[in-house]
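Visitor: have a look at this prediction, sequence included:
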Amino acid sequence: MKYAAIASGSNGNCYYVAKGEDVVLVDIGINTKHVELRMAKLGLSPVGIKAIFITHEHGDHIRGLSVFCKRYQIPVYLTEGTYKGTKLRLPEHLVHIIHADARTAVGELTVIGIPKYHDAKEPCSFVITDGTTNVSILTDLGRGCDNVKHVIQHSDVLLLESNYDEEMLRTGRYSYYLKNRISSGWGHISNREALELLLENRSPRLRHLILGHLSGENNTVDIVEQTFAPHCEEIELSIALRTEETPLYEYVPVMQTISRFVYVEQQITLTQF
């Protein structure tokens, strides 16, 4: 399985996961031109995308959705609450309403919805699996609920939100309302909360951790790296940036008990969901 963060941050999110010819995107939160350009840098074409899954209706997750899905005629899967919240009028033949905990088959892949706490209409995260390897995309988490913990325990590749540094948020220029919204248990999780979730729930199967959805105002790459690196000596650690795509990764299981991580491709496994 191959995967990449096309964009990750409070200014836009888009994630790519594929196995062979079966390709899905999670969220289209940057404009179509930038999705196309960033995919091209990775040697990828939007033409082969089989489905788009939307986590929730906030602008940094749907900004480019309408133009992108129409241009390439790609089916869009999202909850009823999310679709109503987008206020978009997408072509009916492209819209597929799903439950927040739905399992959707896309060729050899299964995309599993993970209900979560976030200040949106009917949000969910997603795990993409081929039945052996699990790629989990967990952002916009108000808190580390049991669903989130379960996903971490069964992830081979985990993209986990590490949104803000608590001291930077506390002393920063955001309004009291916005600070409270972010840290209320319905907004985002901090670096500290993300690390606690990781340490309390990861299993030996986790081989690649990608930290994402970093705030441009209340976090830095250096702080995130310093927070997580001491705890990730035996796994691959990456940080997805707001301004550019990650490499294309592939997670390659060599044997049942050995896995190999390579750039330009990487792979995952999902079981017991």
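Guide: Happy to help now that I have it. Since this is a predicted model, take the numbers as computed values, not measurements.
Visitor: and the helices in this structure?
Guide: All helices of the chain, identified by DSSP state H, fall at 32-41, 59-62, 65-72, 80-86, 146-153, 166-171, 176-183, 191-201, 221-228.
Visitor: just name the most buried of those helices.
Guide: Ranked by mean neighbour count under mean count of other C-beta atoms under 10 Å, the helices of the chain are led by helix 59-62, which reaches a mean of 21. All C-beta spots, glycine's among them, are computed from the backbone N, C-alpha and C.
Visitor: export it to PDB, keeping only CA atoms.
Guide: C-alpha atoms of helix 59-62 as PDB (Å, rounded to 0.1, in the frame of the first residue of the first chain):
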ATOM      1  CA  GLY A  59     -13.300  24.500   4.900                       C
ATOM      2  CA  ASP A  60      -9.900  23.100   5.400                       C
ATOM      3  CA  HIS A  61     -11.300  19.700   4.400                       C
ATOM      4  CA  ILE A  62     -13.600  20.500   1.500                       C
END
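Visitor: re earlier: columns mean pLDDT on top of the helices of the chain, output as a markdown table?
Guide: Output for those, formatted as a markdown table (pLDDT from 0 to 100):
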| stretch | mean pLDDT |
| --- | --- |
| helix 32-41 | 98 |
| helix 59-62 | 96 |
| helix 65-72 | 98 |
| helix 80-86 | 97 |
| helix 146-153 | 97 |
| helix 166-171 | 98 |
| helix 176-183 | 96 |
| helix 191-201 | 98 |
| helix 221-228 | 98 |
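Visitor: rebuild the ones you listed as JSON lines, extending it with distance to Gly107.
Guide: Output for those, formatted as JSON lines (distance: least, C-beta to C-beta, whole Å):
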{"stretch": "helix 32-41", "distance to Gly107": "19"}
{"stretch": "helix 59-62", "distance to Gly107": "24"}
{"stretch": "helix 65-72", "distance to Gly107": "17"}
{"stretch": "helix 80-86", "distance to Gly107": "23"}
{"stretch": "helix 146-153", "distance to Gly107": "22"}
{"stretch": "helix 166-171", "distance to Gly107": "41"}
{"stretch": "helix 176-183", "distance to Gly107": "37"}
{"stretch": "helix 191-201", "distance to Gly107": "29"}
{"stretch": "helix 221-228", "distance to Gly107": "33"}
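Visitor: quick one: low-confidence ranges for this protein?
Guide: 254-273 (pLDDT under 70).
Visitor: and the most centrally placed residue in it, what is it in contact with?
Guide: The centre of the chain sits closest to Ile137, judged by C-alpha atoms, centre = their mean, with a distance of 3.3 Å. By C-beta atoms under 8 Å, 6 or more residues apart in numbering, the residues touching Ile137 are Tyr15, Val17, Val26, Thr55, Ser125, Phe126, Val127, Ile128, Leu159.
Visitor: now with 7 Å?
Guide: Residues counted as contacts of Ile137 (C-beta atoms under 7 Å, 6 or more residues apart in numbering) are Tyr15, Val26, Ser125, Phe126, Leu159.
Visitor: one more: His56?
Guide: His56 is in contact with Thr82, His118, Ala120, Pro123, Asp140, counting by C-beta under 7 Å, 6+ apart.
Visitor: if we go to 10 Å?
Guide: The contact partners of His56, by C-beta atoms under 10 Å, 6 or more residues apart in numbering, come to 27, 62, 78-79, 81-82, 85-86, 100, 116, 118-125, 139-140.
Visitor: filter these to the buried ones?
Guide: Buried subset of these (neighbour count, 16 or more other C-beta atoms under 10 Å): 27, 62, 78-79, 81-82, 85-86, 100, 116, 118-120, 122-125, 139-140.
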